[in-house]
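> next comes the sequence, and after it the predicted model I'd like to discuss.
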Amino acid sequence: MHAISMISVDQNYKQLIELLLPAGILEYFDLIKTTQSPNGLHIYLEERNEVPEEYKDVKLHSKGLLDEIRVQDFPIRGQKVTLVIKRRRWEIVETGQTISRDWNLVADGTRITNEFGLFLKKTFR
């Protein structure tokens with residue numbers, strides 16, 4: 001019975017986190033950590049190492065993470081909220097071209113809002 005309660009607690013935490021973060025973001029990003037300071041709450045997110053759907057048939061080599069960016073989000077309980085986001089990049093082995101996820105395609109194909117997809121695309125140019 002204890003294991004069942006833990007699953008329920010984990011599900012409740014996940015549901016709460018999903019309500020606090022932009023819609024659909026946890027489909028592509030892992031919550032790494034949170035910190036709190038006099039400057040507010042910082043939520044650290046890292047893109048999962050999952051090849052973008054549009055490149056699933058292409059041989060890619062992981063090139064790690066891009067530099068983090070900091071984005072102001074809606075306040076929570078009167079505290080400033082900063083999303084600290086790290087995105088992934090890959091290299092197409094055949095051409096040497098470096099690519100990252102196309103957030104316009106993600107917005108069209110998932111629960112991430114088009115507005116949030118456009119926001120991410122503008123932020124990472």
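Done, it's in.
> CA atoms of stretch 45-62 as PDB?
What follows is stretch 45-62 as a C-alpha-only set of coordinates in PDB (Å, rounded to 0.1, in the frame of the first residue of the first chain):
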ATOM      1  CA  LEU A  45      15.000  22.900 -17.600                       C
ATOM      2  CA  GLU A  46      17.200  20.800 -19.900                       C
ATOM      3  CA  GLU A  47      16.000  19.500 -23.300                       C
ATOM      4  CA  ARG A  48      15.800  15.700 -23.400                       C
ATOM      5  CA  ASN A  49      18.300  13.900 -25.600                       C
ATOM      6  CA  GLU A  50      15.600  12.700 -28.000                       C
ATOM      7  CA  VAL A  51      16.200  13.200 -31.800                       C
ATOM      8  CA  PRO A  52      13.700  15.600 -33.400                       C
ATOM      9  CA  GLU A  53      11.000  13.700 -35.300                       C
ATOM     10  CA  GLU A  54      11.900  15.400 -38.600                       C
ATOM     11  CA  TYR A  55      15.400  13.900 -38.400                       C
ATOM     12  CA  LYS A  56      14.500  10.400 -37.200                       C
ATOM     13  CA  ASP A  57      15.800   8.800 -40.400                       C
ATOM     14  CA  VAL A  58      19.100  10.800 -40.400                       C
ATOM     15  CA  LYS A  59      22.300   9.700 -38.700                       C
ATOM     16  CA  LEU A  60      22.900  12.300 -36.000                       C
ATOM     17  CA  HIS A  61      25.700  12.800 -33.500                       C
ATOM     18  CA  SER A  62      24.900  14.600 -30.200                       C
END
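> now do the residue nearest the centre of the chain against Glu94, distance only.
Centroid-nearest residue in the chain, with C-alpha atoms, centre = their mean: Phe29, separated by 3.0 Å. According to C-beta to C-beta, to the nearest Å, Phe29 and Glu94 sit 28 Å apart. In short, each C-beta sits where N, CA and C put it, glycine included.
> just Gly24 next, same as before
31 Å.
> give me the more crowded residue out of the two.
Gly24 (17 against 9; other C-beta atoms under 10 Å).
> what does the pLDDT read for that one?
With respect to pLDDT, Gly24 scores 79.
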